[in-house]
Each structure stands twice: as structure tokens, then as C-alpha cells.
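A.B. asks: Can you look at this prediction? I've put the sequence above it.
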Amino acid sequence: MGGVAEYAALLAAGLAAAGRDVHVLCPDSPQPVRAQFTVHPELGDFSPARLRRCGELLDQSPAPRYIQLQWVPHGYGRRAMNIEFCRWIRERVRRHGDLLDLMVHEPGYELFRSWKTAVPAIVHRAMLRILLDAARCVRVSTTAWIARLQPLTTRALPFEWAPIPSLVPAAAAPDAVSRIRARYGSPLTGYFGPYHEPYASLLAPVLERLPGPVLLIGRGGDRFAGPSSRVAATGSLPLADLSCHIAACDVMLHLYPDGVDTRRSTAMASLAHGRALVTTEGRFTESVWRESGAVMLVPPGHPDAAAAAVIRLLEDEPERLRLGEAARRLHAGRFDIVHTVRSICESS
């Protein structure tokens, strides 16, 4: 489940640190050993037999049992249309007395967006109706999801905004940061985010307009790196190296077709590392991004504006430092996982 799995591990560690007995049910994919909580790789292919086994594991714990379901439809098998899993969750609530907190990372495909996704979009709505029928509260990664979810239930459910925090611990070693800057040059512009479409079409024209050096961080950036040293790519990096490369950049660039929002963990990583950040403002962008004064916003699909914003920050060190400190405070004060952990603990 990619970033959702990383978020779940971060949340589980936070809840365990708060004194909760945490058990994580997950598929058979290899997981690192976590000393803080117990991992049960029993979900497998989400078959009825696997769900029965998971039910037996849940019944071994005393009631009340609080289920923190991390929802993205593509994470539960059956080609993202596993209605039976949703029914099983509802039965756990109705027959076994479990309490369900639903965390919606992504609600699923939008209706009428494409004929290719019409059937999955209908099924995703049906799956959410079942889960909303069982939930006691709903958390959303971005406020944009609330309008998508409310029409799917007649219940007076509480909806809570629970931003996705940085999934890259800010633990950059100063010596490593210095070596990176010496290797690539400075002032250094970094990009950290997806490299596939539609992001690639936003990134390519901005790269053409930026002065060097530019560092493309993470897997996939090599397709944009040329033989010259102006644009370089790191490839896939372990978390510690990822932190060092983000910290080595003077300005971070994040381009999203629908605008930055609080489910974008790549942008959150730059905030947590105190980097000056240039990003896009679109239909999903919450007001906090503009009101905080912690980022520089540009419209998506306007490469001249994005490049000009980056160049302005590269040339204005006081403003760059101000934005970086504001970014760090914004993440700590509004987006850090401690806020979601506190909310869960207060309600259970």
C-alpha cells in the first residue's frame, strides 16, 4: 500500500508511545520488525478464510476494540472492488461490538470522470456507504473529501481533518548534507514527488526554465536528468539519505495538477525539513496553505510562474530562510502525527 503503509506504521508507533496496545493487521508483504507494536501479516489476499482468521485474532483482545481503518480502495485486493471486505468490517461492528474509526486517504474514483473507471467508481461509492454505515467517526486526509463523503450517508457522522504528516524523519546529518551540496553545487533546487503523468507534464517545462543546479530526488527522476550536470537525479534512496538530500536543497519544488493539499506527504517532507517551498494552488488546496504564509503558491500548468518563484527565492536569502522556518512551524503545529494520535486517544 506504499505511503499508506508507511503512514499506518507511523500512526501505530505514535499510539503505542501513548500507551495503547496496538496490533496491526496487514497482508503477507514483508514488513520491518516493529518493537513498539505487534504486526499480524494475516490479511493475505483478503479471502473469506483470511478474514475469519483475522476475526479470531481480534476476538482474542478484550472489548472495546478500536479499529483504525486506513482506507484507500486499491489497498484491499479484488481489483480495488472488495465489497466483501467492507461487509466484514461492518459485521465486526454489528456483531462483535468493535468500534470503527475510518481514515479516508483516498475515497476512490470520481463518478463521470472517465468511462474506463465508471464501474470502479460506482463500486467505490458502494464500499464507502457500507463503511460509513458502520463508522463512529471519519477522518479525512484533505478537507476536499468531506463533500465527496457526506452524500453517501444519512447519519450525523463527525468528520475530522487529519492531515498526512511527513513520512521522512527530519534526521539529516550535517556532514552528509555538506557532502551533497559539494557534489551537486549551490544554491540547489530540489524536486521531490511523482515522475509519471500527469506530474511529468508539469515538471518538464519548469526544468527547462530553471538555472542549475537542480536535484531530482527519489525513484524515476533519471528520465529528466541529462548528460550535463545542471539536472541530476538521485534514484531511490533509503529514508536517512532521503532526509539528507532534502535538507541539502535551498528551495524545494512540488507540482500537483489539483494543487497541493494535506494528503501530499512529499510536500510535508519539505515542510518538516524547514525548506522554502514552491508549490501549486488548485481545486484541492486548503486555505491553510495561503493563510500560513509558509509556502509560495503558483497556478498549476504555468511553468514561467513556477520558475520565476524558484529563482526569486534562490536570489533572496532572507525570504528563503523566513519561508523555511515558517514551513517547519506549520508542520509541527498543524500536520505532525502527534495531533492525530492525540485526537484518537481522546476519543477512545
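C.D. replies: Received, thanks. Given the structure is predicted, the values throughout are model-derived calculations rather than measurements.
A.B. asks: Just to check, residue 149 is in contact with residue 127?
C.D. replies: No. Using Cβ atoms under 8 Å, residue 149 makes no contact with residue 127, being 11.9 Å away. For every residue, glycine as well, the C-beta is placed using N, CA and C.
A.B. asks: More neighbours: those two, which one.
C.D. replies: More crowded of residue 149 and residue 127, by other Cβ atoms under 10 Å: residue 127, with 26 against 20.
A.B. asks: And for residue 200, the neighbour number?
C.D. replies: When neighbours are counted by other Cβ under 10 Å, residue 200 registers 14.
A.B. asks: any idea how far the residue nearest the centre of the chain is from residue 331?
C.D. replies: In the chain, the residue lying closest to the centroid (Cα atoms, centre = their mean) is residue 265, at 3.8 Å. Using Cβ to Cβ, to the nearest Å, residue 265 is found at 11 Å from residue 331.
A.B. asks: who touches both of the two?
C.D. replies: Contact with both residue 265 and residue 331 is made by residues 165-166, according to Cβ atoms under 8 Å, 6 or more residues apart in numbering.
A.B. asks: Could you pull up the contacting residues of the residue nearest to residue 304 when sequence neighbours are not counted?
C.D. replies: Nearest non-adjacent residue to residue 304, counting by Cβ to Cβ, 6 or more residues apart in numbering: residue 209, 6.6 Å away. Neighbouring residues of residue 209 by Cβ under 8 Å, 6+ apart: 303-304, 306-307.
A.B. asks: State the pair within these that is farthest apart.
C.D. replies: For the contacts of residue 209, the maximum inter-member distance is 7.4 Å, found between 304 and 306 (Cβ to Cβ).
A.B. asks: Looking only at neighbour counts, state which of those two leads.
C.D. replies: Set residue 304 next to residue 306 and count neighbours by other Cβ under 10 Å: residue 306 wins out with 26 against 11.
A.B. asks: Can I take it that that one is in a helix?
C.D. replies: Yes. Assessed by DSSP: H, G, I helix; E, B strand; the rest coil, residue 306 belongs to a helix.
A.B. asks: ok, now how distant is it from residue 289?
C.D. replies: Distance from residue 306 to residue 289, by Cβ to Cβ: 15 Å.
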